[in-house]
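Undergrad: sequence and computational prediction follow.
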Amino acid sequence: MSETSNKSRRAFLRGAAAAGAGTVAAAATARAQAAPDPLITEVQPWASGLGEGVDATPYGLPIRFESDVIRRNVPWLTADPISSINFTPIHALDGTITPQGCAFERHHSGAIELAKQDFRLMINGLVDQPLVFSYEDLERFPRINRVFFCECAANTGMEWAGAQLNGAQFTHGMIHNMEYSGVPLRTLLEEAGVKTEGKWVYVEGADASSNGRSIPLEKALDDVLVAFKANGEALRMEHGYPVRLVVPGWEGNMWVKWLRRIEVVEGPVESREETSKYTDTLADGVSRKWTWVMDAKSIVTSPSPQAPITHGPGPLVITGLAWSGRGAVSKVDVSKDGGKTWETARLANPGEPMALTRFYLDTTWDGSEMLLQSRAMDETGYVQPTKAMLREVRGENSVYHNNCIQTWWVKETGEAENVEVS
Ligand SMILES: Nc1nc2c(c(=O)[nH]1)N[C@H]1C(S)=C(S)[C@@H](COP(=O)(O)O)O[C@H]1N2
Ligand SMILES: [Mo]
């Protein structure tokens, strides 16, 4: 180990001790001095035979002990599982990247099987030269890699009228965060040559719903990606295999899957869209539309109702996720008393715009109950609002764009419950 890393390690250990890691060490010492532990002193089954050979699972799955880290749906939310949604198990994940296999799905007419050789992407409308790309054609353009979150506008939408669903997976799990490899849409639009009258693009998928969406040309030329890989591998069928649109920071419904056609148009093609679905109800009953950007938001993922505290008082790692569609998260505060006092959390990967940011509060739990909250701030200076503040503007009958501060009531037993504080 180099001199510098030794130094920083010592500094880290000092910091950790200050945060209460000393109690963890004490518990570990007690364990070492206790009666013989068969897990240490006796040869265990896994050490008395041979393990599995290399080809047992050509494409690996998580070990069976992790079998509850799965997407879940809430059957009463939608009439059937075809036009439906499920939720990422964010309470059980760490870091920031969502494995595709447990990343939430939202389909309007089911996930379709579209082979690469059957894939065609047409760019037409107000262009100098209409073009049709095969999958292979796309692979021949220079591509880039970027990590972005994708949040459904309906995430947390069930919580407007009151604390409703008991778990971070259900209240905040309509989100995933992946590393995409793809071609900037700008490159393809420049290849076709956008006419000066072209101000928007109308984007369609190949599924029966088509999920047609209009996107301002300015955004399309800025950071939108035509992506074909996620987290290093091909997109999963449910996420739009073989190609989907990635629209950084903007609501999930614009991220058209099974991409099929991009038409350059003069104005938004509302007649072919379901835009009325994606409006925000205001307190006076008026609807607001075109609220595409996802505002700053955060959630404590552990402890939380599905991830209770399972140990006694002493060191406790409080962790969660924060994000903003307007740029990087600059700060996350955590409150243990329902928002009366705040402590600043440690950001594990600060500075990543429009991507999930992991935060930790390495703290000491005195064993008493807590009203846990987190509050995100982004680089524009925007601060995540309380539920009361949001209700003043949006009322209680809204569905979309609920980015309010969430409260978990952590009891003395370590169990947690979804509650509201006034
Ligand atoms: N073609 C198509 N694209 C689509 C949809 C769809 O039903 N069909 N659903 C949209 C919605 S509402 C969301 S929130 C995201 C969800 O992406 P995911 O299923 O990869 O999580 O895809 C969007 N893209
Ligand atoms: Mo969505």
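TA: That came through, no problem. Ligands and ions are numbered 1, 2, ... in the order given.

Undergrad: now the residue of the stretch 301-422 of the chain found nearest ligand 1, nearest residue through space, not along the chain?
TA: Relative to ligand 1, the nearest point of the stretch 301-422 of the chain is residue 400 (10.4 Å; Cβ to the nearest ligand atom). Just so you know, the C-beta spots here come from the backbone N, C-alpha and C atoms, and that holds for glycine as well. In this structure, residue 400 finds its nearest non-sequential neighbour in residue 153, 4.1 Å apart by Cβ to Cβ, 6 or more residues apart in numbering.

Undergrad: quick check, pLDDT for residue 79.
TA: We have a pLDDT of 85 for residue 79.

Undergrad: what's the burial count for it?
TA: 9 (other Cβ atoms under 10 Å).

Undergrad: same question, the one 5 residues further on
TA: Other residues within reach of residue 84 by the criterion other Cβ under 10 Å amount to 17.

Undergrad: distance-wise, check the residue nearest to it when sequence neighbours are not counted relative to ligand 1.
TA: Distance criterion Cβ to Cβ, 6+ apart; nearest residue to residue 84, sequence neighbours excluded, is residue 78 at 4.2 Å. Distance, residue 78 to ligand 1, using Cβ to the nearest ligand atom, to the nearest Å: 12 Å.

Undergrad: assess the claim that residue 78 and residue 85 are in contact.
TA: Yes - here residue 78 reaches residue 85: they are 6.7 Å apart, a contact under Cβ atoms under 8 Å.

Undergrad: which of those two has more residues huddled nearby?
TA: residue 85 (20 against 14).

Undergrad: who in the stretch 51-200 of the chain is up against ligand 2?
TA: 106, 152 (Cβ under 5 Å from the ion).

Undergrad: contact residues of the stretch 51-200 of the chain facing ligand 1?
TA: Counting by Cβ under 6 Å from any ligand atom, the residues of the stretch 51-200 of the chain lying close to ligand 1 are 103-108, 150, 152, 176.

Undergrad: could I get these as TSV with pLDDT?
TA: Output for these, formatted as TSV (pLDDT from 0 to 100):
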residue	pLDDT
103	98
104	98
105	97
106	97
107	96
108	95
150	98
152	97
176	98
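
Undergrad: what ranges do the helices span in the stretch 101-250 of the chain?
TA: 135-139, 168-172, 185-192, 217-222 (DSSP state H, counting those that start in this stretch).

Undergrad: and those helices, which is most packed in?
TA: helix 168-172 (a mean of 27; mean count of other Cβ atoms under 10 Å).

Undergrad: and it, average pLDDT?
TA: Mean predicted lDDT for helix 168-172 stands at 98.

Undergrad: got the phi and psi for the residue of the stretch 301-422 of the chain closest to ligand 1?
TA: When read as degrees, to the nearest 10, the backbone of residue 400 gives phi -90, psi 160.

Undergrad: out of the residues of the stretch 51-200 of the chain next to ligand 1, grab the one that's most surrounded.
TA: Neighbour max across these (other Cβ under 10 Å) = residue 150, 29 neighbours.

Undergrad: could you pull up the contacting residues of that residue?
TA: 175-178, 246, 252, 255 (Cβ atoms under 8 Å, 6 or more residues apart in numbering).

Undergrad: tell me the two of the residues you listed that are most distant?
TA: 175 and 246 (14.1 Å; Cβ to Cβ).

Undergrad: and the strands in the stretch 251-400 of the chain, which stretches?
TA: In the stretch 251-400 of the chain, the strands defined using DSSP state E, counting those that start in this stretch lie at 259-265, 280-281, 287-288, 297-302, 314-323, 329-335, 343-344, 346-347, 357-365, 370-378.

Undergrad: in contact with the residue lying closest to residue 268 once chain neighbours are set aside, which residues?
TA: Spatially, and ignoring its direct neighbours in sequence, residue 268 is nearest to residue 214 (3.7 Å; Cβ to Cβ, 6+ apart). For residue 214, the contact set (Cβ under 8 Å, 6+ apart) comprises 200-203, 265, 267-270, 273, 275.

Undergrad: any idea how far residue 214 lies from ligand 1?
TA: Using Cβ to the nearest ligand atom, we find residue 214 at a distance of 14 Å from ligand 1.

Undergrad: what's across from that residue in the sheet?
TA: residue 202 (DSSP bridges).

Undergrad: which part of the stretch 251-400 of the chain gets nearest to ligand 1, residue-wise?
TA: residue 252 (2.6 Å).

Undergrad: residues contacting that residue?
TA: Counting by Cβ under 8 Å, 6+ apart, residue 252 makes contact with 106, 150-153, 174.

Undergrad: run the last query once more with 10 Å
TA: 85, 104, 106, 149-155, 174-176, 278, 294 (Cβ atoms under 10 Å, 6 or more residues apart in numbering).

Undergrad: which members of those are the farthest-apart pair?
TA: Once Cβ to Cβ is applied, these give 176 and 278 as the farthest pair, at 18.9 Å.

Undergrad: who does residue 407 bridge with?
TA: Here residue 407, judged by DSSP bridges, has bridge partners residue 373, residue 419.

Undergrad: how about low-confidence regions in this protein?
TA: Residue ranges of the chain with pLDDT under 70: 1-21, 271-279, 285-289.

Undergrad: try it again with 50
TA: 1-19, 275-276 (pLDDT under 50).

Undergrad: give me the residue from it nearest ligand 2.
TA: Nearest residue of the chain to ligand 2: residue 152, at 3.3 Å (Cβ to the ion).
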